[in-house]
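Novice: One predicted model, sequence on top.
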Amino acid sequence: MGALPEEINGIVQLLEDKQEYSSGKRIYFTGKIQGIQTVVVFSRWGKVAAATTVSTLLLQFHVTEIIFTGVAGAIHPQLNIGDVVVAKRLVQHDLDGRPLMAEFEIPLLNISYIEVRPKQLDIASKAVNRLIDPNRFTSVVSAEELKQFNISNPQLWMGDIASGDKFFAKNSDKEALLKKLPEVLCVEMEGAAVAQVCYEYDIPFTVIRTISDAADERSAIDFPGFTGKIANKYAVEIIQNIFRQSHETRM
Ligand code: ADE
């Protein structure tokens, strides 16, 4: 699953024996990547869009694992554009049932954070490390593009991702989020919804986000620039690296 048409297009091109199915305003592309039966879909944006897309993948296509790639705004001050975050835990920053329950708690599940399983973390971190390996990275993103986006030495981060139905474009909003959730690395609009549905169906999942902007006043400029030019290159490489590992462990 991806939250950008640009990313999905690159991954669709990896499919062998490709077929297309249309359902609920989404196009589900099926086929094989490195011999593994796969469905690729653009989820659209926001928690509802992501949750319904995951439900369709599980109930109509019977997928057994979900991988979500996309971009995110940096919340932690040390993150830079071009860094990659692998979610260890996901939280919905706009979920607030107080005074009935704690802020961020998911009603009836009685938890606020959904955790990613260790096996998925291991595979995702290896896939990202291969992407950002300095010996290989410039074959994925050109030196000119790296300069344009001021990316010099991209890093892998692993930790909390916060999701909600809001595009962060003000420093004051970012500071307010950091105060409430100081461990959050980045913010986006789908990951925690994907995590909740997968948790409820007991399905392993991975959320990987490339930092496209600093979730501040520059976001409206940085976000479209990054998503238009770079995000799909990261996504295609990361997905290939993940499938390569799954393929290797099956042999
Ligand atoms: N995805 C990428 N950048 C984002 C931002 N600034 N806010 C929310 N989601 C994002």
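Specialist: The structure has been received and is ready for your questions.

Novice: Now whatever residue of the stretch 51-200 of the chain ends up closest to the ligand. Nearest residue, chain neighbours left out?
Specialist: With CB to the nearest ligand atom as the measure, Gly73 is the residue of the stretch 51-200 of the chain nearest to the ligand, at 2.7 Å. Every C-beta, even on glycine, is put in place using the N, C-alpha and C of the backbone. With CB to CB, 6 or more residues apart in numbering as the criterion, Gly73 has its nearest non-adjacent residue at 3.1 Å, and that residue is Ala215.

Novice: Kindly report the same for Ala49.
Specialist: Setting aside the residues directly before and after it, Ala49 is nearest to Ser43 in space (CB to CB, 6+ apart), at 5.5 Å.

Novice: circling back: what separation do you get for the residue nearest to Gly73 and Thr56?
Specialist: 29 Å (CB to CB, to the nearest Å).

Novice: who touches the residue nearest to Ala49 in this structure?
Specialist: When contacts are counted by CB atoms under 8 Å, 6 or more residues apart in numbering, Ser43 touches 1-3, 26, 49-50, 53-54, 68, 190.

Novice: for it, phi and psi?
Specialist: When quoted as degrees, to the nearest 10, the phi and psi of Ser43 stand at phi -80, psi -20.

Novice: now Asp133
Specialist: In this entry, Asp133 is assigned phi and psi values of phi -50, psi 120 (degrees, to the nearest 10).

Novice: Ends of stretch 32-40, what's the gap?
Specialist: End-to-end span of stretch 32-40 (CA to CA, to the nearest Å): 10 Å.

Novice: Pull the residues that contact it.
Specialist: 1-2, 8, 11-12, 14-17, 28-31, 57, 61, 63, 239-240, 243-244, 246-247.

Novice: Report the buried members of the residues you listed.
Specialist: 1-2, 8, 11-12, 14-15, 28-31, 57, 63, 239-240, 243-244 (16 or more other CB atoms under 10 Å).

Novice: Go through those residues and flag which are in strands.
Specialist: Among the buried ones among the contacts of stretch 32-40, the subset assigned to strands under DSSP state E consists of 28-31.

Novice: any idea which of the residues you listed is closest to Val91?
Specialist: Closest approach between those and Val91, by CB to CB: Tyr28, at 28.0 Å.

Novice: So the closest one sits against Phe61, correct?
Specialist: Yes: counting by CB atoms under 8 Å, Phe61 is a contact partner of Tyr28 at 6.5 Å.

Novice: near the ligand, which residues of this structure show up?
Specialist: The chain has residues 71-73, 167-168, 187-189, 212-213, 215, 219, 223 near the ligand, with proximity defined as CB under 6 Å from any ligand atom.
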